[in-house]
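Novice: build me a model from this:
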Amino acid sequence: MSLLETIRRPDYTGSQRCWPCTAVNAALLVLLAGVLLLFSPFLAVVTLVGGATLVYLRGYVVPGTPDFAPELVSRLGLAFLFEHTGTDTEDARRSDELGDAGDDDAPDGEAVLYALFEAGVLEDDETGALFLADSFWSAWADEMATLRAADDETVAEATADVAPFDAEGGTGYGGITVDGGTHSIWLSRAHAVSDAAAMRTMDAFDVPESMRAPATEPLRMFLETCPLCGGDTEETTVSGCCGGTASIYDSPTDEVLACADCGEILYVYEDETA
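Specialist: The predicted structure follows:
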């Protein structure tokens, strides 16, 4: 193996390249080179050229870049400048969560779990494994089928109607926007269909209103069919430029629940080793 092949990291370059990561690293390199230029022009040039080469070959040089660069770019309002790819799906933008846009004093996971048990949404067996009650899954699947057949404007309106804040629905960037003035989120169409249908079904099952939005994300781990196309779901892994944990040596792999037919990622399992 040549030295170049040893340095090169294809997991973070080419079609897997994270452009926000590249841009942030480039900006930091220019800043560092500018400081060094005050003391040593030669060292500044070496740093700039060497750093740029490593960014080209490896994806980035600053440890932990995938953890902070995309969020930093987003907070600066520059996310629209980048085609931030990270999976093999057509729509690689990471969806927001309906439950993250409610009150600051949102219920914790234990309270949500208790409410779902009390309402008959969740059940467990003798081993303690959790699963959806058949009646809830049947009703949820019916609601998803209805929204799946609807156009984006109808899905946007349905999502805004069940949002945990006063909002108007719209479409943009290949998904659904929910704008409430003080809260604004973007959902992939798959997440919007799943979450709006889940909210409607939880309403029918008398789940307390404050618990519904926070429950939408964890409920997606129980999806048996895809909200987007109706295909079967499967647990699998995906690789992407921003899937690492702390440095460029980490493996960019996530355990996910995805559609076996269209590849849509529906739920990302937490890394228990993180």
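Novice: in the stretch 51-200 of the chain, where is pLDDT below threshold?
Specialist: Along the stretch 51-200 of the chain, the model assigns pLDDT under 70 to residues 64, 66-67, 71, 74, 77-93, 101-104.
Novice: what about 80?
Specialist: Counting by pLDDT under 80, the stretch 51-200 of the chain has low-confidence residues at 58-60, 63-94, 100-106, 173, 181-182.
Novice: got the confidence number for residue 3?
Specialist: Looking at residue 3, its pLDDT is 63.
Novice: where does residue 97 fall, phi/psi-wise?
Specialist: Backbone geometry at residue 97, expressed as degrees, to the nearest 10, gives phi -120, psi 130.
Novice: which residue ranges of the stretch 51-200 of the chain form strands?
Specialist: For the stretch 51-200 of the chain, the strands defined by DSSP state E, counting those that start in this stretch cover 122-124, 130-132, 168-172, 175-179, 184-188.
Novice: what's the closest of these to residue 224?
Specialist: Residue 224 lies closest to strand 130-132 among those, at 8.6 Å (CB to CB). Where C-beta positions appear, they are placed from N, C-alpha and C, glycine not excepted.
Novice: single out the most deeply packed of the strands of the stretch 51-200 of the chain.
Specialist: Each of those was scored by mean neighbour count; the highest is strand 175-179, a mean of 23, by mean count of other CB atoms under 10 Å.
Novice: elements contacting that strand?
Specialist: Applying 3 or more CB pairs under 8 Å, 6 or more residues apart in numbering; DSSP states H and E, one finds that strand 175-179 contacts helix 152-162, strand 168-172, strand 184-188, helix 189-204.
Novice: deepest of these, which one?
Specialist: Most buried of those, by mean neighbour count (mean count of other CB under 10 Å): helix 189-204, with a mean of 25.
Novice: looking at the helices and strands packed on strand 175-179, which is nearest to residue 62?
Specialist: Closest to residue 62 of the helices and strands packed on strand 175-179 is strand 184-188 (CB to CB; 27.1 Å).
Novice: so how far is that closest one off the chain centroid?
Specialist: Remark: strand 184-188 is offset 11 Å from the chain centroid, using CA atoms, centre = their mean, to the nearest Å.
Novice: just want the angle from it to helix 189-204.
Specialist: Counting by axes from the mean of the first three to the mean of the last three CA atoms, to 10 degrees, strand 184-188 lies at 110 degrees to helix 189-204.
Novice: what's the angle from strand 184-188 to strand 168-172?
Specialist: If you take the same axes, to 10 degrees, strand 184-188 sits at 50 degrees to strand 168-172.
Novice: I'd like to know which elements strand 184-188 is packed against.
Specialist: In this structure, strand 184-188 packs against strand 175-179, with contacts taken as 3+ CB pairs under 8 Å, 6+ apart.
Novice: okay, now the residue nearest to residue 210 when sequence neighbours are not counted: neighbour count?
Specialist: Excluding its sequence neighbours, the residue lying closest to residue 210 (CB to CB, 6 or more residues apart in numbering) is residue 107, at 6.1 Å. Neighbour count for residue 107, taken as other CB atoms under 10 Å: 19.
Novice: okay, domains of the chain per the record?
Specialist: In the domain annotation for the chain, the residue ranges read 3-81, 95-274 (automatic domain parsing).
Novice: so which of those domains is the most surrounded?
Specialist: The highest average neighbour count among the domains of the chain, using mean count of other CB under 10 Å, belongs to domain 95-274 at a mean of 18.
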